[in-house]
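[1] With the input below, show me the fold.
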Amino acid sequence: MKRSRLPLTALRSFEAAGRNASFSRAAEELHVSQAAVSRQIRELETALCTPLFERLHRKVVLTEPGKALLTQLTASFDGIERMLTDIANRGQTRTARVSSDASIAACWLIPRLDRFRRMNPDIDVVLDVDPRLIEFRADQAELALRFSFRNTSWPNTEAERLAHALETPVMAPALLAGGLAIEKPGDLRRFTLLHEESREHWKNWFRLAGEEETEVRAPGPMYADMALSKQAALLGHGVALVDLLFMQDELAAGTLIRPFATELNSGGYFLVARSLSKLSEPARIFAEWVRAEFAASVAALAVNRT
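    So this is what the prediction gives:
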């Protein structure tokens with residue numbers, strides 16, 4: 001099909017419907033009627049002599065040609081939108097849009113972000129805190145910082161491991177003022193155990209530390225993320241199981257102490273993007289800075305262990 005005859009309106013309707021897996025949601029996104037979206041897609045299928053959707057009861061499913069076309073169109077439309085945004089923003093303050101989960105943002109990124117600003121005063125960082133991995137559409141962040149227990153990659157993205165996660169118990173020194181002795185890992189059960197999302201972390205740590213399976217008990221309050229359990233530990237509310245990478249300043253200052261050196265390998269931290277090699281200049285500069293900062297954190301942790 002010649003470029004001059006490309007059915008751009010129909011392609012736009014198809015892309016929205018395919019991405020949303022719904023004609024009605026595509027209509028809402030494009031501010032047109034569902035009938036208009038359906039008609040445009042029918043005309044496109046007629047022109048291509050190929051069905052792009054299977055129309056099932058109350059849902060539509062892409063055919064194989066539809067999947068292939070959607071992949072190309074989404075990437076192309078996103079690229080066009082990014083380019084238009086870059087052109088419109090030329091001469092203005094540059095922006096690096098970053099998505100992060102709450103723990104990385106609060107425990108690692110925010111304490112360092114002013115350093116990036118001083119190094120790059122012409123780049124503003126727009127930080128979106130969200131536990132879900134975004135789709136990296138043109139109106140979303142270009143980069144994401146993510147923690148994962150098991151995943152090392154995600155669909156339609158590139159992911160680069162920045163560091164491994166190593167969890168270890170920490171507590172405020174004031175907790176020991178009551179005279180409770182800590183001689184073996186099981187003694188930590190005398191204190192309130194603080195949990196992040198799941199009680200399995202403490203159970204796994206106790207087993208790694210040599211506790212018998214029948215002795216593993218881990219009651220205590222549950223927090224949504226590491227930033228909250230860290231704050232509770234600093235306040236003396238109990239013993240938290242946290243990542244060493246995010247606790248170096250507190251351990252060095254003595255506001256938190258490590259009763260045992262046992263470290264539980266519990267996943268890793270990743271830099272994620274649609275394409276790490278095709279970032280805008282502000283996002284590329286931010287990505288390079290993140291890599292350097294994580295490398296420095298890992299190096300400092302290795303030094304502190306010796």
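
[2] Going by C-alpha atoms from here, please, whenever you check contacts or count neighbours.
    Fine.

[3] Name the next helix or strand downstream of the helix or strand bottoming out on mean pLDDT in the chain, please.
    Least confident helix or strand, the chain: helix 64-89 with a mean of 85, by mean pLDDT, DSSP states H and E. Per DSSP states H and E, the first helix or strand lying C-terminal to helix 64-89 is strand 94-100.

[4] Quick check: mean pLDDT of the helix or strand just after that following strand?
    Going down the chain from strand 94-100, the next helix or strand is helix 102-104, by DSSP H and E. In this model, helix 102-104 carries a mean pLDDT of 91.

[5] Which strands and helices lie in contact with helix 102-104?
    strand 143-148, helix 226-234 (3 or more Cα pairs under 8 Å, 6 or more residues apart in numbering; DSSP states H and E).

[6] Tell me the gap between the shortest one and the middle of its chain.
    Right, strand 143-148. Relative to the mean C-alpha coordinate of its chain, strand 143-148 is positioned 3 Å out (Cα atoms, centre = their mean, to the nearest Å).

[7] circling back: now the helices and strands packed on helix 102-104 as a markdown table including mean pLDDT, mean neighbour count and distance to R58?
    Compiled in a markdown table, the helices and strands packed on helix 102-104 are given as follows (pLDDT from 0 to 100; neighbours: other Cα atoms under 10 Å; distance: least, Cα to Cα, whole Å):
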| stretch | mean pLDDT | mean neighbour count | distance to R58 |
| --- | --- | --- | --- |
| strand 143-148 | 92 | 23 | 34 |
| helix 226-234 | 92 | 22 | 41 |
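
[8] so who does P169 touch?
    By Cα atoms under 8 Å, 6 or more residues apart in numbering, P169 lies in contact with 239-242, 258-260.

[9] the inter-axis angle of the least confident helix or strand of the chain versus strand 94-100?
    140 degrees (axes from the mean of the first three to the mean of the last three Cα atoms, to 10 degrees).

[10] Neighbour count added to the contacts of P169, as JSON lines?
    Shown next, in JSON lines, are the contacts of P169 (neighbours: other Cα atoms under 10 Å):
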{"residue": "V239", "neighbour count": "30"}
{"residue": "A240", "neighbour count": "27"}
{"residue": "L241", "neighbour count": "24"}
{"residue": "V242", "neighbour count": "26"}
{"residue": "R258", "neighbour count": "16"}
{"residue": "P259", "neighbour count": "17"}
{"residue": "F260", "neighbour count": "15"}
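
[11] correct me, but S297 touches L245?
    Yes - here S297 reaches L245: they are 6.5 Å apart, a contact under Cα atoms under 8 Å.

[12] can you list the domains in the chain?
    For the chain, automatic domain parsing gives the domain ranges 3-77, 94-162+274-305, 166-267.

[13] Those domains: which one's closest to T85?
    The closest of these to T85 is domain 94-162+274-305. By Cα to Cα, the value is 8.7 Å.

[14] and the closest one, how far from the chain's centre?
    Relative to its chain's centre, domain 94-162+274-305 lies at 9 Å (Cα atoms, centre = their mean).

[15] tell me how far the ends of stretch 173-187 are from each other?
    Start-to-end span of stretch 173-187 (Cα to Cα, to the nearest Å) is 15 Å.

[16] Can you point out the buried residues in that stretch?
    Residues of stretch 173-187 classed as buried by neighbour count (16 or more other Cα atoms under 10 Å): 173, 175, 185-186.

[17] what's the distance between R3 and L69?
    Using Cα to Cα, R3 is found at 16 Å from L69.

[18] Settle it for me: which of these two has more neighbours?
    L69 (17 against 7; other Cα atoms under 10 Å).

[19] List the contacts of that one.
    Counted by Cα under 8 Å, 6+ apart, L69 has zero contacts.

[20] Tell me which helix or strand comes right after the host helix or strand of F270.
    Taking DSSP H and E as the definition, F270 sits inside strand 264-273. Using DSSP H and E, the helix or strand that follows strand 264-273 in sequence is helix 281-305.

[21] Would you mind getting the angle between that following helix and strand 94-100?
    Using the same axes, to 10 degrees: helix 281-305 against strand 94-100 is 50 degrees.

[22] Show me what helix 281-305 is packed against.
    Applying 3+ Cα pairs under 8 Å, 6+ apart, we find helix 281-305 packed against strand 94-100, strand 158-170.

[23] Tell me the buried residues in that helix?
    282-284, 286-287, 290-291, 293-294, 297-298, 301.

[24] what's the angle between it and strand 158-170?
    30 degrees.

[25] secondary structure class for the residue lying closest to R190 once chain neighbours are set aside?
    Excluding its sequence neighbours, the residue lying closest to R190 (Cα to Cα, 6 or more residues apart in numbering) is L180, at 8.0 Å. Secondary structure state of L180, per DSSP: H, G, I helix; E, B strand; the rest coil, is coil.

[26] Alright, I will stop here.
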